[in-house]
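1. When you get a sec, could you give me coordinates for this:
(chains A, B, C and D)
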Number of protein chains: 4
Amino acid sequence: MTIPSTNFNPPFNITRASHLILTAKDLAASRDFYTEVIGLVVSDEDANTIYFRGVEERGHHSLTLKRTTAAPACECIGMHVFSEEDLDKAKFHFDRGGVPAKFVEVPFQARTLRFSDGMGAPVDLCATMETRPRLHVEVNTHKGARALRMDHYQVLVPDVLAAAKFYMDLGFRISDYLVIGGTDHVIGTFLYRKNNPWDIVFLHRSGPQFHHCGYVVESLYDLIRGLDTAGNVGFGESIEHGPGRHGLSHSYYTYLRDPDGHRTELLLPGIQITDRYDEPVACELDPNSTGNRWGLPPPRSWFEEASEFAGVAPKHPAVEGDPLTLEKYLVSKSWRRAPDTLRKSA
Amino acid sequence: MTIPSTNFNPPFNITRASHLILTAKDLAASRDFYTEVIGLVVSDEDANTIYFRGVEERGHHSLTLKRTTAAPACECIGMHVFSEEDLDKAKFHFDRGGVPAKFVEVPFQARTLRFSDGMGAPVDLCATMETRPRLHVEVNTHKGARALRMDHYQVLVPDVLAAAKFYMDLGFRISDYLVIGGTDHVIGTFLYRKNNPWDIVFLHRSGPQFHHCGYVVESLYDLIRGLDTAGNVGFGESIEHGPGRHGLSHSYYTYLRDPDGHRTELLLPGIQITDRYDEPVACELDPNSTGNRWGLPPPRSWFEEASEFAGVAPKHPAVEGDPLTLEKYLVSKSWRRAPDTLRKSA
Amino acid sequence: MTIPSTNFNPPFNITRASHLILTAKDLAASRDFYTEVIGLVVSDEDANTIYFRGVEERGHHSLTLKRTTAAPACECIGMHVFSEEDLDKAKFHFDRGGVPAKFVEVPFQARTLRFSDGMGAPVDLCATMETRPRLHVEVNTHKGARALRMDHYQVLVPDVLAAAKFYMDLGFRISDYLVIGGTDHVIGTFLYRKNNPWDIVFLHRSGPQFHHCGYVVESLYDLIRGLDTAGNVGFGESIEHGPGRHGLSHSYYTYLRDPDGHRTELLLPGIQITDRYDEPVACELDPNSTGNRWGLPPPRSWFEEASEFAGVAPKHPAVEGDPLTLEKYLVSKSWRRAPDTLRKSA
Amino acid sequence: MTIPSTNFNPPFNITRASHLILTAKDLAASRDFYTEVIGLVVSDEDANTIYFRGVEERGHHSLTLKRTTAAPACECIGMHVFSEEDLDKAKFHFDRGGVPAKFVEVPFQARTLRFSDGMGAPVDLCATMETRPRLHVEVNTHKGARALRMDHYQVLVPDVLAAAKFYMDLGFRISDYLVIGGTDHVIGTFLYRKNNPWDIVFLHRSGPQFHHCGYVVESLYDLIRGLDTAGNVGFGESIEHGPGRHGLSHSYYTYLRDPDGHRTELLLPGIQITDRYDEPVACELDPNSTGNRWGLPPPRSWFEEASEFAGVAPKHPAVEGDPLTLEKYLVSKSWRRAPDTLRKSA
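-> Below you'll find the predicted structure:
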């Protein structure tokens, strides 16, 4: 196993994960979920589409929901490039490499290039979109978790190193990667462009499938306010996992499922990561461990359920994983152990 | 079903839940757990006993751990009465009523009356103990969750109304009680003397058994600091349930198991409850619901595992309960439902 | 100087500070202040009166504002007694002692006894009032600082020991008292009935004058949310002092002035104080110190401005105080000192 | 007045503000201040130098203190460039432009280029330094405010537009700038390279002088923990201004003075700012306003006291400023105003 290397002179300049499109069966229910619980603001909407942004975001939208009558799916994830010129460079680069890429029309966005990444996931690139006022100071108008901004995606893929290589050729760097302890089997790669550890994360699993997007909240109190509100307005059971702290320990998490089953992570701000000496960190994952710093492991649904990318059939990995689910953990776990056992287990 | 009435002219004046004694097989491991994770301070210790207090407590100890080679147990729970005179009144009252009660010697405590409550649980009463400085301001010396003070007990009993009646005759009031929805079967009674909703809580189950004591922490950040520390110092798997918010919604919880399996709840300050018009509130519990405002339901261990009172054999209730455990919940739960189902479920 | 003693068998049972009446020139402006910034809920209102309660309060009101065209004043402070019987006992006690006391009609309250305390401050006693639902769980409806409940009063009086004695004869206990360092001049007494350090606080100054009432907030984030909202909705300059931490260190504070100049403190929950061994703590106040644990000292207005009790002329103390105001502090303070000076000063 | 434009193809790649050197008379006192109150970690130290880093930082140091017997000063501020190659490009660029720049030896840093910016402030550039483990997860070892990372500098200069131009030619962008209301007099420019609004801030005043560096803390609770600790360990009077919220509203602040009078800001994480459409925002400053969202204005010392850059004599601006100091505010302020006045003032 060799971790791919970052191309520090990338063909064009992607700046960050920024906006995605999901399809939904019941827009009204989803609107409630994202505005009341997550705390997003509606920038625009019509009968079939809702554009949301976080309270801190100046860009018009970071989440777009489109009405569907088919199975809910992820239409695409999106990223910002720094300038219009980067879009032309990207088109040139993809064309030369045989990567499908074409300019598409997207409301409220300037020129948008949609390409299919190496795994088959559709990705939108744009340099600018319409702007709206940042509302982070208007705390008295905020709701739920007051989500500040979209931060990253997690995507399931059958080959996390191949996925990493595709993006590292485009300038992404690895913050951390997960290895099954005692082996050289890499099952997770965490990649970034902006100054924190994640813009896109790949986990080993059938894919490509959209696992979740993460929205940053300001504080634990905001996260809990979101969950309290979920309980109050009828989304108490949308909480799938958490609150807890990640094994990689860069932040606190809670995962919620929206009315169509799409998953959102609420997380606190991650660390700053930007320097040349920020080399990738390997994290050995004990297969018998929860993988978290604390908190029960995720339920099986967290590992097995994800949103397909519209029109893209997931492929199985060469070797299926066997993660420690909450279900397995509960069967084996007993708190009635001798103290020495308890202490060694951690 | 009739909820018992409070005797507002009680025979003596109990002021609050205040101190308990647990036995432990490995004092060193337990000392680490309570000082590093919970954040208690050691007031005194010798080879076989450790006396802990919360950082806000002026009384010498709220938790005493004694070394044992037998099965770990709860030796007694304890409460404060207001004055020495109340102890004599209590002795007189219990003697007249045929309740076993005798004065015992307890280090660092003034006169102590130990009685057996109606369910058989041993309870210590004292008016004063040695004092130590309150340390809540010395934040730079605090550890873990910085637990402020012992707050309440939860005890499993086969008849929660009989248990409530025993204590209500002594002046306790009911803040809330749990009823199985659509029935008149009361499965939980929450009783208090001081100005918050709980000094002692009874849940329907074989008993008497000591389920947990609750320590109050100052903020969510302290609670999470305790859990982070647990993860760091080898107690990450001590977390059994939470963080979450109670169905009765008076506070946030996390339950941890100490090295002997004794359970501690960390909770935020509850509401103030003190007025004559604070009548008992009935809370109907949907048997198919998690019973929480949000957060997954407790695992089976939370319902089934408790610490016996030393030398007191638990009795089964007339009808066993069938609570919604996390295990059952996970089997039935799917987040891939239609939005109308999701919303109705809450 | 001798600190008075508590009468532990008081003639009747006061349970807590609970409700007060202020007069206001512009009810609409004050309504905005208390609902948007402090976060109180309006229980009832008509053209000339508004009744507010904290989000946790079950009682109908803890703050009543009445329209006035005269100088804004405090009509009375109020306390709860435990039972109706206590009101009769109180009337008997006051009549026998020559303390002016009469039953008055107060909307939404049951029988109400208004007496004039030893300093001349009008005080309302009642055992019950109408109830409204507690709303503390309805976080998604909360505003500003989400004030939970009224907690205490601070009253300026020319003789803090005489004031303390009046209330200690009624069963109040002293948590702390302030002494000018190196003297036996007591300039502050902190008295309580419920389980925290304050129901009524007396400071040495011309009086009786109403200095402030304190509302408890749940967290620092709520306190700051209140201040952020103040800034957003036009009350940014209402902040007179804080945030900071009290010298007695039991809590964090911020003081705000309402549109009529009445002062409200937002504070975090104090310590629990209830036991027989909770003896009064003397706090020596260095006259050259800020008196706070940290935070700049209060401005002169905090010391000199207070609300008169309606119809009660304040009297000067025998000796005027000379507190360290922010104005004096700034004149003398330099941060350009040698480190040894800086460290010694604290 | 014209705001300068950013050179989006800068001659070399500065990534962020990263490290500074201050001189101190009493290293032991300063060590206490930065470790116990601010919460920095000592990476290395000898008799005359201490190297500190924030708990999240991988780089060896972000603050270096050197013993001095002269007046305490700022030896230099420092920034990271992305690669070693950028240092050579920088040297070439500065040499060509007549900007003094030379390679210097700095312990624990790789090649370091020290140049004098247009205002005369000495600035260190390096691409790498030795690394140490990030400690942000080791919460049980953290102290005081647990400062995460150095974030930005504030520098006083007589011409904030000239200073901005110098750095914008090097690729810095403006997040916000301050204009005296009703004029075109710009008195503050906020510049950034990394993804938040500040790496270096210029305020109109005699300069160049080092005003403060800002360290990011994780939460309000951490900020307050730092201040509580300051109060406990003898630095309670080091707090000069705050806590409050900036008028530009991107964050919460508290300013502290170290034993030599050097100023540190503790702040919460700012907004993310990275996109092409993040145009500079003009903030009109009412000269009669506090300039803050809430909180009293800064004392005169905050405006007038700063650390000189070693060997660099500050120059006066063409027009001196006349900011609203706390001292002036207190003279004019009365909270006893009619409500309409109070509301209009905000």
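2. so how far is chain C from the closest residue to A:V319 other than its chain neighbours?
-> Counting by CB to CB, 6 or more residues apart in numbering or on different chains, A:H185 is the residue found nearest to A:V319 once chain neighbours are left out, at 7.7 Å. All C-beta spots, glycine's among them, are computed from the backbone N, C-alpha and C. According to CB to the nearest CB, to the nearest Å, A:H185 stands 42 Å off from chain C.
3. just A:V186 next, same as before
-> Remark: distance between A:V186 and chain C (CB to the nearest CB) = 39 Å.
4. what is that residue paired to in the beta sheet?
-> A:V179 (DSSP bridges).
5. who's in contact with it?
-> A:V186 makes contacts with A:M1, A:I3, A:V160, A:L161, A:Y177, A:L178, A:V179, A:H204, as judged by CB atoms under 8 Å, 6 or more residues apart in numbering or on different chains.
6. partner residues bridging the last one?
-> Spelled out, that is A:H204. Going by DSSP bridges, A:H204 forms beta bridges with A:V157.
7. OK, contacts around it?
-> A:L156, A:V157, A:P158, A:D159, A:V160, A:V186, A:I187, A:G188, A:P317, A:G321.
8. and if we set it to 10 Å?
-> A:156-161, A:163, A:178, A:180, A:185-189, A:317-321, A:323 (CB atoms under 10 Å, 6 or more residues apart in numbering or on different chains).
9. what does the stretch 1-150 of chain A put close to chain C?
-> A:E36, A:V37, A:V137, A:E138, A:V139, A:N140, A:T141, A:H142, A:K143, A:G144, A:R146 (CB under 10 Å from any CB of the partner chain).
10. Show me which of those is closest to D:R263.
-> A:V137 (24.8 Å; CB to CB).
11. can I assume that closest one sits in a strand?
-> No. Membership of A:V137 in a strand is not supported by DSSP: H, G, I helix; E, B strand; the rest coil, which gives coil.
12. That one reaches D:R245, doesn't it?
-> Yes. A:V137 is in contact with D:R245 according to CB atoms under 10 Å; the separation is 8.4 Å.
13. Overlap of the contact sets of these two?
-> Joint contacts of A:V137 and D:R245 (CB under 10 Å, 6+ apart) are C:D228, C:G231, D:R293.
14. ok, back up a step: which members of the residues of the stretch 1-150 of chain A next to chain C are classed as buried?
-> A:E36, A:V37, A:V137, A:V139, A:N140, A:H142, A:K143, A:G144, A:R146 (16 or more other CB atoms under 10 Å in any protein chain shown).
15. Quick check: closest non-adjacent residue to the fifth one.
-> This means A:N140. C:T229 (4.4 Å).
16. helix/strand/coil for that neighbour?
-> Under three-state DSSP, C:T229 comes out as helix.
17. Show the contacting residues for it.
-> A:138-141, C:36-39, C:143-145, C:235-236, D:294.
18. Could you identify the pair within those residues that is furthest apart?
-> So, those by CB to CB: farthest apart are A:E138 and C:I38, at 18.7 Å.
19. Contact distance from chain D - what residues of the stretch 201-346 of chain A qualify?
-> A:216, A:218-221, A:245-246, A:248-251, A:268-279, A:281, A:293.
20. Just give me the neighbour total for the closest residue to A:N288 other than its chain neighbours.
-> On the basis of CB to CB, 6+ apart, the spatially nearest residue to A:N288 that is not a chain neighbour turns out to be A:L324, at 6.4 Å. Using other CB atoms under 10 Å in any protein chain shown, the number of residues around A:L324 comes to 18.
21. Equivalent analysis for A:R67, please.
-> 16.
22. Assign A:Y34 to one of the three secondary structure states.
-> Strictly by three-state DSSP, A:Y34 counts as helix.
23. Tell me who's in contact with the residue of the stretch 51-200 of chain A found nearest chain B.
-> The nearest approach of the stretch 51-200 of chain A to chain B comes at A:P72, 9.4 Å away (CB to the nearest CB). Taking CB under 10 Å, 6+ apart, we find A:P72 in contact with A:22-26, A:30, A:65-66, A:258-262, A:307-308, A:310, B:336, B:339.
24. Filter those residues down to just the ones in strands.
-> Among these, the members falling in strands (DSSP state E) are A:L22, A:T23, A:A24, A:L65, A:K66, A:S307, A:E308.
25. Now, of those, which are buried?
-> Buried among the ones in strands among the contacts of A:P72 (16+ other CB under 10 Å): A:L22, A:T23, A:A24, A:L65, A:K66, A:S307, A:E308.
26. which pair in those residues spans the largest distance?
-> A:L65 and A:E308 (16.2 Å).
27. Sketch out the low-pLDDT regions of the stretch 1-150 of chain A for me.
-> A:1 (pLDDT under 70).
28. For chain D, what is the nearest residue in it?
-> Closest point on the stretch 1-150 of chain A to chain D, by CB to the nearest CB, is A:V137, at 4.1 Å.
29. residues touching that residue, list them.
-> Residues in contact with A:V137, defined by CB under 10 Å, 6+ apart, are A:V55, A:E56, C:D228, C:G231, C:N232, D:R245, D:H246, D:L248, D:S249, D:H250, D:I271, D:R293.
30. Chain A: helices as residue ranges?
-> A:27-32, A:84-97, A:160-168, A:220-233, A:300-304, A:326-332, A:339-345 (DSSP state H).
31. for those, which one ends up most surrounded?
-> helix A:220-233 (a mean of 24; mean count of other CB atoms under 10 Å in any protein chain shown).
32. Could you check the angle that helix makes with helix C:220-233?
-> If you take axes from the mean of the first three to the mean of the last three CA atoms, to 10 degrees, helix A:220-233 sits at 90 degrees to helix C:220-233.
33. Could you list which residues are in contact with A:M150?
-> A:16-20, A:40, A:52-54, A:57, A:59, A:61-63, A:77-78, A:213-216, A:264, D:272.
34. Excluding residues flanking it in the chain, which one is nearest the residue of the stretch 51-200 of chain A closest to chain B?
-> Going by CB to CB, 6+ apart, A:P72 has A:D260 as its nearest residue, at 3.7 Å.
35. And the pLDDT for that neighbour?
-> Looking at A:D260, its pLDDT is 95.
36. any idea how far chain D is from it?
-> A:D260 is 28 Å from chain D, by CB to the nearest CB.
37. Could you report the separation of the residue of the stretch 151-300 of chain A found nearest chain B from A:G182?
-> Residue of the stretch 151-300 of chain A nearest chain B, by CB to the nearest CB: A:P259 (3.2 Å). Using CB to CB, to the nearest Å, A:P259 is found at 41 Å from A:G182.
38. between these two, who's got more neighbours?
-> A:P259 (27 against 9).
39. Can you give me the buried ones in stretch A:124-133?
-> Buried residues in stretch A:124-133 (16+ other CB under 10 Å): A:D124, A:L125, A:C126, A:A127, A:T128, A:M129, A:E130, A:T131, A:R132.
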